[in-house]
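>>> model this:
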Amino acid sequence: MKHVLHFLFSLLCCLAVSPVVQADDCHLLPRPQKFTRSAKSFHSETVKISTPVLQGEWEDFVTERGGKVNERANALIEVKLVPSIEEAVQNQAEAYRLTVAPKKITVEATTEQGVYWAMQTLAQLQRDGAKKLHFEGCAITDWPAFRVRGFLQDVGRSYISVEELKREIEVLSRFKINVFHFHLTENQSWRLESKIFPMLNDSVNTTRMPGKYYTLEEARELVDFCKKHGMTLIPEIDMPGHSAAFIRTFRHDMQSPEGMKILKLLVEEVCETFDVPYLHIGTDEVKFTNKDFVPEMVAFVRSKGKKVISWNPGWHYKPGEIDMTHLWSYRGKAQPGIPAIDSRFHYLNHFDTFGDIVALYNSKIYNTEQGSDDMAGTILAIWNDRLVEPERNIILENNFYPNMLAMAERAWLGGGTEYFDKNGTILPSEDTEEFKVFADFERRMIWHKEHTFKGYPFAYVKQTNVKWNITDAFPNGGDLAKAFPPEEELKETYLYEGREYKTREVVGAGIYLRHVWGKSVPAFYKDPQENHTAYAYTWVYSPKEQEVGLWAEFQNYGRSEMDLPPRQGTWDYKGSRIWLNGTEIMPPVWSATHRVKSNETALGNENCVARPPLKVHLDKGWNKVFLKLPVGKFTTPEVRLVKWMFTVVFVTPDGENAVEGLIYSPQKKFLK
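From the prediction side, this is the model:
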């Protein structure tokens with residue numbers, strides 16, 4: 001009876017329609033809409049394949065996993081195209097049904113796309129370490145809540161190699177990401193080859209990474225690569241703004257009669273090159289001087305057989321005048337009758353490693369439970385206003401893959417608990433359902449880090465076990481070095497100048513006291529004020545004496561700001577400090593030393609994931625970690641958007657993983 005009850009509990013834990021956290025051996029990501037585990041798995045060395053679509057892909061799928069295709073095999077993978085998946089409440093074109101039984105795997109879908117997603121789910125069901133075809137038994141019915149689930153790479157500002165883009169497309173397609181937004185043109189450069197105007201790609205007309213652009217053949221190659229991986233490529237030619245490279249080349253503004261003639265020739269070349277349904281035309285951050293420009297360009301692009309996407313805020317459209325809008329900044333507004341993509345709070349170039357992923361994962365897309373005709377979905381964006389080198393750091397410092405996995409699950413499942421307006425970047429208490437759901441996502445994400453993403457830039461480590469006590473903030477009057485009672489003694493409450501200051505517990509490896517976007521996104525303090533000093537502390541139990549790595553930072557530098565690096569010997573411009581067992585830990589030697597602001601001067605090792613971890617010593621037993629966290633003004637001459645925050649977590653010396661066996665407890669309590 002005890003065994004039966006345990007089995008039933010495991011089944012219940014794996015039902016994605018339930019808010020209950022899944023069983024520990026489930027690592028599907030995104031979680032399916034409906035998932036029932038079976039104790040009977042599929043296990044065979046040879047398999048027969050019966051499918052009306054993706055025959056070659058299924059054969060590759062089998063052989064890559066150590067199996068063999070044999071038409072006389074007893075085991076069978078059977079794929080059927082059916083009129084509908086009845087349980088799928090929307091997006092039938094991507095829905096599928098998957099059943100894994102001992103001698104038969106059955107896939108049902110309405111389209112080839114649904115079959116492809118079923119294949120990705122089946123890949124994640126493979127038994128870890130299996131040498132033959134061994135898939136966990138289950139029955140899945142699945143569909144996406146939102147039809148657009150994508151990522152944007154700003155290659156107009158900073159060129160990213162074709163090899164790297166393919167790597168991103170391939171691995172993200174395994175998690176049902178279905179859009180690659182290819183932002184090709186910017187003030188810095190026009191990154192798409194032009195056969196009719198080759199001077200557009202000349203190094204003399206490029207202000208960053210001259211000579212780096214995509215040939216038309218490479219563009220077609222990327223389109224085909226996306227199609228092969230279930231993804232739609234959306235090219236963007238930004239007009240009439242963000243077009244300094246165009247103006248440098250032709251000496252004409254895009255909105256002038258001469259500029260429009262040239263632009264139409266270029267757009268025609270673009271439309272002929274990209275065999276895709278959409279062209280994104282930008283229209284953001286510009287003063288319109290020609291009232292006919294946007295309507296005329298939309299009509300021209302449509303005449304070439306493409307649907308048109310435009311940023312909002314941007315040009316003002318009525319239904320029927322544009323095919324889709326793309327919402328940016330907090331000002332973006334969806335309009336009834338016009339499908340919209342939400343990217344409002346989704347700029348990874350401002351995100352830190354640990355806090356923002358919490359807000360992203362918990363957030364409803366445009367504050368809606370699921371997609372509709374008017375709400376298409378979401379795209380996460382990396383904007384490279386500032387030069388970031390090397391290429392790998394664009395992925396690493398933007399925490400690209402962890403954030404993409406958070407969005408992949410949220411956009412597929414729908415739901416969420418808020419829209420960056422409740423807890424924001426702060427995890428709720430451990431006994432809440434919201435905490436348990438995020439912890440389960442984190443567990444599955446780290447599994448994929450260790451398996452799917454091995455060798456990729458993937459800086460995230462477990463943080464749901466990292467606990468701190470943080471004090472109320474003391475007014476420092478602008479004196480960032482001023483000392484307060486926590487520096488003398490750790491207490492639950494402090495009496496200072498007639499006022500009581502309390503401490504509160506918070507969980508996470510990275511904590512915003514005030515978010516980079518101020519009060520727009522909630523952080524630890526509900527009403528953070530300038531010229532205050534906070535303190536954070538915890539005790540870390542180590543089962544042995546050991547040398548470990550430390551990720552520590554107090555200003556996660558945005559990739560779109562021309563902020564100055566800290567001065568040598570200081571962590572930041574706020575006076576932040578950290579002690580381990582009473583010994584102050586000094587910052588590394590900063591590799592960037594420039595004192596003149598410029599978007600073309602790259603930073604170096606300022607963000608903690610972009611450098612080797614600091615080497616520190618943990619005693620056996622309890623180790624005290626104490627942080628002093630002052631802040632002056634929220635914008636300074638050196639740093640435009642001051643992040644009042646900290647990141648502290650112990651990692652392996654190579655920075656790949658969290659240190660095993662540690663217990664973070666402000667109260668020196670062992671885990672129950």
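>>> Report the contact partners of the nearest residue to Leu629 once chain neighbours are set aside.
Nearest in space to Leu629, with sequence neighbours left out and distances taken as Cβ to Cβ, 6 or more residues apart in numbering, is Ala534 at 4.4 Å. All C-beta spots, glycine's among them, are computed from the backbone N, C-alpha and C. Applying Cβ atoms under 8 Å, 6 or more residues apart in numbering, we find Ala534 in contact with Ile470, Thr471, Asp472, Ala473, Phe474, Leu513, Tyr525, Leu629, Pro630, Val631, Trp644.
>>> Look at the residue nearest to the second one when sequence neighbours are not counted and tell me its secondary structure.
This points to Thr471. Spatial nearest neighbour of Thr471, excluding adjacent residues (Cβ to Cβ, 6+ apart): Tyr535 at 4.6 Å. Per DSSP: H, G, I helix; E, B strand; the rest coil, the local secondary structure of Tyr535 is strand.
>>> same question, Met119
The three-state assignment at Met119 reads helix, by three-state DSSP.
>>> So what's the residue count around the closest residue to it other than its chain neighbours?
Excluding the flanking residues, the one nearest Met119 by Cβ to Cβ, 6+ apart is Phe61, at 6.0 Å. For Phe61, the count of nearby residues is 20 (other Cβ atoms under 10 Å).
>>> With Glu217 instead?
As a burial measure, Glu217 scores 10 neighbours (other Cβ under 10 Å).
>>> Also the one 4 residues further on?
Residues near Glu221, counting by other Cβ under 10 Å, number 14.
>>> Wasn't it part of a strand?
No - read with three-state DSSP, Glu221 is helix and lies in no strand.
>>> Do you know the pLDDT at it?
Glu221 carries a pLDDT value of 98.
>>> shouldn't it be in contact with Glu163?
No - checked against Cβ atoms under 8 Å, the pair Glu221 and Glu163 is beyond contact range at 11.1 Å.
>>> Quick check: neighbours of the helix or strand where Phe151 lies in the sheet, parallel or antiparallel?
Under the criterion of DSSP states H and E, Phe151 resides in strand 148-154. Next to strand 148-154 in the sheet, as set by DSSP bridges, lie strand 179-183 (parallel), strand 375-382 (parallel).
>>> possible to save the ones you listed as a markdown table with mean neighbour count?
Formatted as a markdown table, those follow (neighbours: other Cβ atoms under 10 Å):
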| stretch | mean neighbour count |
| --- | --- |
| strand 179-183 | 25 |
| strand 375-382 | 24 |
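>>> Put together a markdown table for the ones you listed, with mean pLDDT and distance to His280 on each row.
Output for those, formatted as a markdown table (pLDDT from 0 to 100; distance: least, Cβ to Cβ, whole Å):
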| stretch | mean pLDDT | distance to His280 |
| --- | --- | --- |
| strand 179-183 | 98 | 7 |
| strand 375-382 | 98 | 10 |
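>>> SS state for the most centrally placed residue in the chain?
In the chain, the residue lying closest to the centroid (Cα atoms, centre = their mean) is Asn403, at 2.2 Å. Secondary structure assignment for Asn403 (three-state DSSP): helix.
>>> Was I right to think it contacts Phe351?
Yes - using Cβ under 8 Å, Asn403 is in contact with Phe351, at 6.5 Å.
>>> shared neighbours, the two?
Contacts common to Asn403 and Phe351, judged by Cβ under 8 Å, 6+ apart, are Ile357, Leu360.
>>> Around Ala439, count how many other residues there are.
18.
>>> Thought Val466 was touching it, still the case?
No - Ala439 lies out of contact with Val466 (Cβ under 8 Å); the separation is 11.9 Å.
>>> Confirm Glu296 sits in a strand?
No - looking at Glu296 with three-state DSSP, it is helix, so not inside a strand.
>>> Excluding chain neighbours, what is closest to Glu545?
Lys620 (4.5 Å).
>>> Now do the helices in the stretch 201-350 of the chain.
With DSSP state H, counting those that start in this stretch as the criterion, the stretch 201-350 of the chain has helices at 216-228, 244-250, 257-273, 293-303.
>>> can these go into TSV with extra columns for distance to Thr106?
TSV is the format used below for these (distance: least, Cβ to Cβ, whole Å):
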stretch	distance to Thr106
helix 216-228	24
helix 244-250	52
helix 257-273	40
helix 293-303	42
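>>> what about stretch 388-403, distance to the chain center?
Its chain's C-alpha centre and that of stretch 388-403 lie 10 Å apart, by Cα atoms, centre = their mean, to the nearest Å.
>>> mind listing what's buried in that stretch?
Neighbour counts over stretch 388-403 (16 or more other Cβ atoms under 10 Å) mark Val388, Asn393, Ile394, Ile395, Leu396, Glu397, Asn398, Asn399, Phe400, Tyr401, Pro402, Asn403 as buried.
>>> could you give me the average pLDDT of it?
Stretch 388-403 comes out at a mean pLDDT of 97.
>>> repeat for stretch 160-174
98.
>>> quick one: buried residues of it?
Buried residues in stretch 160-174, counted by 16+ other Cβ under 10 Å: Ile160, Glu164, Leu165, Glu168, Ile169, Val171, Leu172, Ser173, Arg174.
>>> same check, this time on stretch 192-201
Buried, per 16+ other Cβ under 10 Å, within stretch 192-201: Leu192, Glu193, Ser194, Phe197, Leu200, Asn201.
>>> What helices and strands are in contact with the strand or helix carrying Glu57?
For Glu57, the element it lies in under DSSP H and E is helix 55-64. Using 3 or more Cβ pairs under 8 Å, 6 or more residues apart in numbering; DSSP states H and E as the contact test, the elements touching helix 55-64 are strand 46-50, strand 68-69, strand 76-81, helix 112-124.
>>> quick one: contacts for the residue nearest to Gln255 when sequence neighbours are not counted?
Computed as Cβ to Cβ, 6+ apart, the closest residue to Gln255 that is not its neighbour in sequence is Asn290, at 3.9 Å. Taking Cβ under 8 Å, 6+ apart as the contact definition, Asn290 lies against Pro240, Gln255, Ser256, Met260.
>>> Could you single out the nearest of the residues you listed to Arg499?
Closest to Arg499 out of these is Pro240 (55.6 Å), distances taken as Cβ to Cβ.
>>> Distance of the closest one relative to Pro210?
Applying Cβ to Cβ, to the nearest Å, the value for Pro240 to Pro210 is 24 Å.
>>> Please identify which of the two sits among more neighbours.
Ranked by neighbour count (other Cβ under 10 Å), Pro240 and Pro210 place Pro240 first, with 26 against 15.
>>> Which pLDDT value belongs to the more buried one?
Looking at Pro240, its pLDDT is 98.
>>> Show me the contact partners of stretch 477-484.
For stretch 477-484, contacts defined as Cβ under 8 Å, 6+ apart pick out Phe474, Asn476, Tyr494, Tyr496, Asn531, Thr533, Tyr535, Lys574, Gly575, Pro630, Val631, Gly632.
>>> Same question for stretch 265-277.
Residues outside stretch 265-277 that contact it (Cβ under 8 Å, 6+ apart): 192, 194-197, 200, 216, 219-220, 223, 232-235, 237, 279, 297, 300-301, 304-307.
>>> Just the buried ones among these, please.
Counted by 16+ other Cβ under 10 Å, these give 192, 194, 197, 200, 216, 219, 223, 232-235, 237, 279, 297, 300-301, 306-307 as buried.
>>> where does this structure dip in pLDDT?
Applying pLDDT under 70 to the chain picks out residues 1-25, 672.
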